[in-house]
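K.L.:
the following comprises the amino acid sequence and a computationally predicted model.
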Amino acid sequence: MAVDGKWEITINSPLGAQKATLDLKTDGASLTGSQQAAQGSGPLENGKVDGNSLTWSAKISSPMPMTLDFSGTVDGDKLSGSVKAGSFGSFPFSGSRTA
């Protein structure tokens, strides 16, 4: 499953819809890339690919410093799944490929 490319995602959090841009690149079972968002930008960490399933972590600084743990599935040009925000629980996210 082709994962490489730019993705626009929306996380449905208690603070409302949070938008982020992902730039994803795969190398075998490894997933690398970056996240750009108002809450914080930087490289993805611990990225893994297994078929059409993806997992990765991303750090944010707002509203407080924390690491978000993502788990998602790619279906063509769509990406959806959940993101665990520490002790705040998990929230759904979805998005699509832009390039």
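P.N.:
Thanks, I have it. Numbering: from 1, shown residues only.
K.L.:
please make it C-alpha for all contacts and neighbour counts, starting now.
P.N.:
Fine.
K.L.:
separation between residue 86 and residue 38?
P.N.:
19 Å (C-alpha to C-alpha, to the nearest Å).
K.L.:
go on, residue 67?
P.N.:
Using C-alpha to C-alpha, we find residue 67 at a distance of 15 Å from residue 38.
K.L.:
low pLDDT regions in the protein?
P.N.:
Residues of the chain meeting the criterion pLDDT under 70: 1.
K.L.:
just checking, what's the longest strand in it?
P.N.:
When the chain is parsed with DSSP state E, its longest strand is strand 16-27.
K.L.:
what's next to that one, contact-wise?
P.N.:
Strand 16-27 has contacts (C-alpha atoms under 8 Å, 6 or more residues apart in numbering) with 3-12, 31-38, 49.
K.L.:
for that strand, output the C-alpha coordinates as PDB.
P.N.:
Coordinates of each C-alpha in strand 16-27 appear next as PDB, following Å, rounded to 0.1, in the frame of the first residue of the first chain:
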ATOM      1  CA  GLY A  16     -12.400  21.000  18.600                       C
ATOM      2  CA  ALA A  17     -11.100  20.000  15.200                       C
ATOM      3  CA  GLN A  18      -7.300  20.100  15.200                       C
ATOM      4  CA  LYS A  19      -5.700  20.100  11.700                       C
ATOM      5  CA  ALA A  20      -2.200  18.800  10.900                       C
ATOM      6  CA  THR A  21      -0.200  18.200   7.700                       C
ATOM      7  CA  LEU A  22       1.800  15.000   7.500                       C
ATOM      8  CA  ASP A  23       4.700  14.300   5.200                       C
ATOM      9  CA  LEU A  24       5.100  10.500   5.200                       C
ATOM     10  CA  LYS A  25       7.800   8.300   3.700                       C
ATOM     11  CA  THR A  26       8.200   4.500   4.000                       C
ATOM     12  CA  ASP A  27      11.200   2.300   3.800                       C
END
